[in-house]
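In: Structure here, sequence nowhere to be found:
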DNA sequence: TCCTGTTAGATGTCTGTGCAACAACGTCCT
DNA sequence: AGGACGTTGTTGCACAGACATCTAACAGGA
């Protein structure tokens, strides 16, 4: 593993990165599967509904929303297409910017979200939080905050 | 956020999960992009080559490999197809199980891996490790180990 | 030996996503 | 005003990945 030293990385550091990867993928897969079987709702769709529910007026600009759910604009266009087909979301024009569109959570969407939320939260609890000590959760929070670029770029 | 309390989750706990998601996605995207522009090598391909390089005899059974890179068996079949087309990997029969196949790292594959590794490691360093204090890395290691199911299921 | 059940890997098909290109609109500067 | 430039959202295209299904091959019992 000479290459590691060349770049100033220890084997332990590399292992930490791999564990982060594995953990995140495992949890994500679990959530996706559970939401799908129990509510026929993919994880990405759930997250869109969740973001909209938390937003003022239950609405968000497409671009803004894309950033929050970590999707490209085109990806979000298609996802909203689907959600709209199912009546969970609607599109509304933006008054002060004719280019803009709001994705708006419908009542049906809110209902569907409420239905799926216990599954989602239980998954996060059993697959993530319960595996950590509660003390560790607070400590990891600060750590992840540094990694999360929400505040900066 | 009554629903949170119903499931025994605090808003902070949920926030931690979201940060984990964002961090992992951000880092992954960065690595993928860098590897692609600098070496025309997708992240998944890099990880396959890396796993093979670390394995004894530079070879791994398809099934085994699929597990390590968190890919479905069919997904790995296609990925190895591609790598084989580019000459980075070859398939070899398994002596003691006629069903089995080894994916074997070729010399060209090893060379390509060596070429790309500095990019990969630098990405992990700048996008992940450098953002944490070095003290935190050690502490987070134990924590992530609990989340990583490698040892169990 | 045959029959049943399981496992390894490959393939058809479908869905989801990103990138590049585009049109419509806004912003700013002169 | 007018034109260059950036932004917003959508589309064509290509591709990667999952699931279900298939074939070949192993394992164990009657």
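Out: Received the coordinates, thanks. Just so it is clear, the structure is predicted and the values come from calculations on it, not from any experiment. Numbering: from 1, shown residues only, chains lettered A, B, ... in the order given.

In: What residue, apart from its backbone neighbours, is nearest the residue in chain A that DNA strand C sits nearest to spatially?
Out: Residue nearest to DNA strand C within chain A (C-beta to the nearest atom of the strand): residue A:75, separated by 2.6 Å. Bear in mind the C-beta positions are built from the backbone N, C-alpha and C, glycine included. Nearest non-adjacent residue to residue A:75, counting by C-beta to C-beta, 6 or more residues apart in numbering or on different chains: residue A:66, 7.3 Å away.

In: got it, and residue A:50?
Out: Residue A:50 sits nearest to residue A:113 (C-beta to C-beta, 6+ apart), 6.5 Å away.

In: Work out the gap between the helix or strand where the residue nearest to residue A:75 lies and the centre of the chain.
Out: In the assignment (DSSP states H and E), residue A:66 maps to helix A:62-68. Helix A:62-68 sits 12 Å away from the centroid of its parent chain (C-alpha atoms, centre = their mean, to the nearest Å).

In: outside of it, which residues touch it?
Out: A:48, A:51-52, A:60, A:72-73, A:75-77, A:80, A:100-103 (C-beta atoms under 8 Å, 6 or more residues apart in numbering or on different chains).

In: Are that helix and DNA strand C in contact anywhere?
Out: No: judged by C-beta under 7 Å from any atom of the strand, helix A:62-68 stays clear of DNA strand C, getting no closer than 7.9 Å.

In: Of all the residues in that helix, which ones are buried?
Out: With burial defined by 16 or more other C-beta atoms under 10 Å in any protein chain shown, the residues of helix A:62-68 counted as buried are A:62, A:65, A:66, A:68.

In: Make JSON lines from those residues and add distance to residue A:118 and pLDDT to it.
Out: Below are the buried residues of helix A:62-68 laid out as JSON lines (distance: C-beta to C-beta, whole Å; pLDDT from 0 to 100):
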{"residue": "A:62", "distance to residue A:118": "29", "pLDDT": "97"}
{"residue": "A:65", "distance to residue A:118": "24", "pLDDT": "97"}
{"residue": "A:66", "distance to residue A:118": "27", "pLDDT": "97"}
{"residue": "A:68", "distance to residue A:118": "22", "pLDDT": "95"}
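
In: just the residues you listed now: which is nearest DNA strand D?
Out: residue A:62 (3.4 Å).

In: So residue A:102 belongs to a strand, correct?
Out: Yes: counting by DSSP: H, G, I helix; E, B strand; the rest coil, residue A:102 falls inside a strand.

In: still on that earlier bit, tell me which helix or strand comes right after the helix holding residue A:66.
Out: Helix A:62-68 is succeeded, C-terminally, by helix A:73-85 (DSSP H and E).

In: roughly how far out does that following helix sit from the chain middle?
Out: 15 Å.

In: Can you show me the helices along chain A?
Out: Remark: helices assigned in chain A by DSSP state H are A:2-6, A:11-39, A:43-54, A:62-68, A:73-85, A:107-127, A:134-147.

In: So residue A:37 versus DNA strand D, what's the distance?
Out: The spacing between residue A:37 and DNA strand D, counted by C-beta to the nearest atom of the strand, to the nearest Å, is 10 Å.

In: what's the burial count for that residue?
Out: Residues near residue A:37, counting by other C-beta atoms under 10 Å in any protein chain shown, number 9.
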